Each structure stands twice: as C-alpha cells, then as structure tokens.
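Undergrad: okay, here's the prediction I keep looking at, along with the sequence it came from:
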Amino acid sequence: MSISKDINKKGYVTAHLDNGKNIIAEIDRLKKEKNAIILAHYYQQEEIQDIADYIGDSLGLAQEASKTTADVILFAGVHFMGETAKILNPTKKVIIPDLNAGCSLADSAPTDKFKAFLKNYPNYTVISYINCSAEIKALSDIICTSSNAVKIVESLPKDEKIIFAPDINLGRYVAKKTGRNMVLWDGACEVHIEISTDKLQFLRGKYPNAKLIAHPECQENILNEADFIGSTTALLKFVKEDSATEYIVATEVGIIHKMKQSVPSKILIPAPANTNNTCACSECPYMKLNTLEKIHASLVHLQPEIFVPEDIRLKALKSVNRMLELS
Ligand code: 13P
Ligand code: SF4
C-alpha cells in the first residue's frame with residue numbers, strides 16, 4: 001500500500017491511501033474499531049504527534065500506559081517504550097510501527113555484560129534509566145526517567161551504595177545535583193552526544209540573547225553552560241513559563257514542534273549536530289523510522305507486537321512500579 005501527500009491551506013500534510021481514503025481518517029476509524037490508543041513521544045515526526053491521543057516524555061508515557069483502558073496500545077516511539085507499556089499491561093496488545101526502532105542508549109547496556117558488571121558490586125542498589133531493555137529493567141531495583149532521576153536518587157538513604165545505568169551523562173548530572181557518589185555505567189545516547197560544541201558556540205554568538213536549554217543526556221560541557229536542564233516535558237514547560245523570547249534547544253529536534261505550537265511568537269533554535277544531516281540538527285534515526293503509513297499498517301494487522309517473557313516482565317514490573325510509586 002502506498003500513500004500520497006499534499007499540503008493543505010493550514011500547512012498540514014494530508015496523506016491519502018492509494019484507494020483515495022485519507023490516512024488520518026482511516027487511522028481514526030481503526031482506533032475506534034479496535035479500541036486502540038496512540039501514545040507518542042515528542043521526538044516523533046510532526047504528523048504523528050498531531051494524531052496521538054497522548055504525547056509526552058518517557059515518564060508521562062509510562063504513566064499513561066499504566067492507566068489506559070484501551071485493548072490495544074500503539075506506541076509511536078522506540079522499542080524500549082513499547083516494552084515498558086507491555087510490562088505494565090501484560091493482557092493488552094502492545095504494537096509499535098517499526099520493530100527496527102531501537103535506541104543506541106538501550107543498546108549500550110547488553111544484558112550479559114551488565115550481569116557480569118553487577119557481580120563486582122554486591123549490596124548496591126541498581127537505578128536504571130528507562131531507556132534500557134526489559135532484561136536490564138529486570139536486573140534493576142528502581143527505574144527512573146530524566147524527569148524523576150534526582151528525586152529517585154534522593155529518596156534513598158544518603159549512605160546507600162548506588163549503581164546508575166545506562167546513561168553516563170544523566171548519571172553524572174544526577175550525581176552532581178544530589179552530591180551522591182554513584183557508580184556509573186558507561187553508556188550514552190548517540191543523538192545527544194553528537195550535538196556539536198563548536199557549532200553551538202557559533203550559534204551562541206549569533207543569538208547572544210538566547211537561553212541555552214538542554215536535555216540531561218547531553219555531554220557535561222553542554223550541561224555546564226545550560227541555563228536550564230530538563231526532560232522533554234520540562235523543556236517544553238520552561239519555554240512556556242520563562243520570560244525570554246529566544247532559546248537554543250539542545251535535544252532531539254522533534255520537541256520543537258510542540259514548543260512552536262505552545263509559544264508561536266518565540267524564537268526556537270535547534271542545537272546543531274556534528275553530522276551534516278539534512279536538518280543540520282539532532283535527529284534520532286530510530287524515532288524517525290515511524291511513519292503514518294506504518295501506523296496505519298500496524299493498526300490493520302495489529303503487528304508488530306511487543307512480547308516480554310513473563311519471568312523477565314515480573315521482575316521488571318517491580319522496578320518500574322517502584323518508580324511510578326515514587327513519581
Ligand atoms: P524524555 O522524553 O523522558 O526526556 O527522554 C528523552 C529520550 O531520549 C527518549 O528517548
Ligand atoms: Fe535512544 Fe537517544 Fe533516540 Fe532517545 S534520542 S531513543 S535515547 S537514541
């Protein structure tokens with residue numbers, strides 16, 4: 001099946017199926033027929049964000065997945081997000097538009113290496129960022145996201161021995177904020193660490209009044225310079241509530257869409273990447289694998305489906321639930 005696209009007067013992309021039906025209307029019809037909900041992350045393509053029933057950061061999405069009454073959850077995000085939804089909803093069908101939508105950060109913590117690493121640290125509490133596989137969640141005591149990591153670390157006694165995985169940049173940031181001396185796993189997000197410091201300096205010179213706002217997955221030198229650091233939802237809230245009018249946004253470019261809708265009069269400049277891609281900004285290649293066409297096909301076939309082995313799911317559920325209770 002193929003789709004054609006045109007731009008209507010409002011500037012929105014209207015996509016049609018080859019049988020002439022509008023793809024958005026068809027997705028809507030299928031959602032009702034199958035009692036499905038679409039959860040989307042801010043890094044999704046704009047047209048996907050615009051049709052989602054809920055759009056949010058990793059914490060918001062996990063919370064939404066934990067309370068939905070839908071029979072089918074279509075997760076427009078990446079694989080670990082679909083897994084988290086399945087961990088919370090074993091009897092529901094969880095589908096994602098493209099099984100290849102992985103995550104470099106989740107991949108930076110392979111299960112066998114992580115298991116071996118943990119053997120060196122008996123009696124440590126393992127806090128893992130939600131950007132990890134179900135197996136890593138099952139080996140962890142508590143999960144966190146970028147919006148609650150500081151709170152979760154601070155909920156533990158001051159003398160608690162902590163391992164923080166898999167993101168070293170978020171780990172360093174949380175260690176600095178909380179004053180805790182944590183053992184950090186050496187993983188990173190390929191998108192956030194590719195933000196170019198040199199090109200950023202050039203932009204800061206060009207826009208001297210712009211505030212730099214950054215996601216904590218960015219490298220330390222960028223975080224040290226930032227006027228505000230937070231999860232995608234926190235960055236969005238900041239530009240809405242702050243009095244400045246210009247911002248350089250150091251995270252994946254998808255967040256700019258909701259920011260523009262919320263504060264149309266402000267100037268929002270995506271931070272540049274080292275790689276010379278088409279947008280000259282930071283794009284997550286995994287998030288961008290999802291398309292309206294794939295979402296339509298997933299709803300028609302209720303595939304690709306996410307499965308988590310029950311023994312892993314039960315262990316992972318404990319650490320995810322601990323996070324939800326503390327959030
Ligand atoms: P948040 O939306 O929780 O800030 O996470 C960003 C991210 O990298 C998701 O993959
Ligand atoms: Fe993973 Fe980074 Fe993409 Fe988020 S932006 S899904 S952490 S690779």
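TA: Everything's here; your move. Numbering: from 1, shown residues only. Ligands and ions are numbered 1, 2, ... in the order given.
Undergrad: for the stretch 101-250 of the chain, which segments count as strands?
TA: Using DSSP state E, counting those that start in this stretch, the strands of the stretch 101-250 of the chain run over 125-129, 142-144, 162-165, 183-184, 211-214, 228-229, 246-250.
Undergrad: with adjacent residues omitted, what lies nearest to the spatially most central residue of the chain?
TA: With distances taken as CA atoms, centre = their mean, the residue of the chain nearest its centroid is residue 58 (5.1 Å). The spatially closest residue to residue 58, leaving aside those adjacent along the chain, is residue 145, at 4.3 Å (CB to CB, 6 or more residues apart in numbering). C-beta coordinates here come from the backbone N, C-alpha and C atoms, glycine included.
Undergrad: keeping just the C-alphas, turn stretch 285-297 into CSV.
TA: Extracted in CSV, the C-alpha atoms of stretch 285-297 (Å, rounded to 0.1, in the frame of the first residue of the first chain):
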residue,chain,number,x,y,z
PRO,A,285,17.2,8.0,13.4
TYR,A,286,15.2,5.3,15.4
MET,A,287,12.3,7.6,16.4
LYS,A,288,12.1,8.9,12.8
LEU,A,289,11.6,5.3,11.4
ASN,A,290,7.9,5.6,12.4
THR,A,291,5.5,7.0,9.7
LEU,A,292,1.8,7.5,9.4
GLU,A,293,1.8,4.7,6.8
LYS,A,294,3.4,2.2,9.2
ILE,A,295,1.0,3.3,12.0
HIS,A,296,-1.9,2.6,9.6
ALA,A,297,-0.5,-0.9,8.7
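Undergrad: name the residues of it that are buried.
TA: Using 16 or more other CB atoms under 10 Å as the test for burial, stretch 285-297 gives 286, 287, 288, 289, 290, 291, 292, 293, 294, 295, 296.
Undergrad: host element of the last one?
TA: In this case it means residue 296. Taking DSSP states H and E as the criterion, residue 296 maps to helix 292-301.
Undergrad: helices or strands up against that helix?
TA: strand 13-17, helix 23-34, helix 46-49, strand 72-76 (3 or more CB pairs under 8 Å, 6 or more residues apart in numbering; DSSP states H and E).
Undergrad: export the ones you listed to JSON lines and tack on mean neighbour count?
TA: Below are those laid out as JSON lines (neighbours: other CB atoms under 10 Å):
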{"stretch": "strand 13-17", "mean neighbour count": "17"}
{"stretch": "helix 23-34", "mean neighbour count": "16"}
{"stretch": "helix 46-49", "mean neighbour count": "19"}
{"stretch": "strand 72-76", "mean neighbour count": "27"}
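Undergrad: got these as a markdown table, with distance to residue 120 columns?
TA: Shown next, in a markdown table, are the helices and strands packed on helix 292-301 (distance: least, CB to CB, whole Å):
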| stretch | distance to residue 120 |
| --- | --- |
| strand 13-17 | 51 |
| helix 23-34 | 47 |
| helix 46-49 | 42 |
| strand 72-76 | 34 |
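Undergrad: dump those to TSV, plus mean pLDDT and distance to residue 183.
TA: Listed next are these as TSV, based on pLDDT from 0 to 100; distance: least, CB to CB, whole Å:
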stretch	mean pLDDT	distance to residue 183
strand 13-17	68	47
helix 23-34	97	44
helix 46-49	96	37
strand 72-76	98	31
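Undergrad: looking at those, spot the one closest to ligand 2.
TA: Proximity to ligand 2 (CB to the nearest ligand atom) singles out strand 72-76 among the helices and strands packed on helix 292-301, at 12.1 Å.
Undergrad: now the closest one against helix 23-34, angle please.
TA: If you take axes from the mean of the first three to the mean of the last three CA atoms, to 10 degrees, strand 72-76 sits at 150 degrees to helix 23-34.
Undergrad: mind listing the strands strand 72-76 pairs with, and their directions?
TA: Using DSSP bridges, the strands paired with strand 72-76 are strand 36-41 (parallel), strand 93-95 (parallel).
Undergrad: and the contacts of the longest one?
TA: By that I understand strand 36-41. With contact meaning CB atoms under 8 Å, 6 or more residues apart in numbering, strand 36-41 is reached by 27, 30-31, 48-49, 51-58, 61, 64-65, 68, 70-78, 81, 85, 232, 254, 287, 295, 299.
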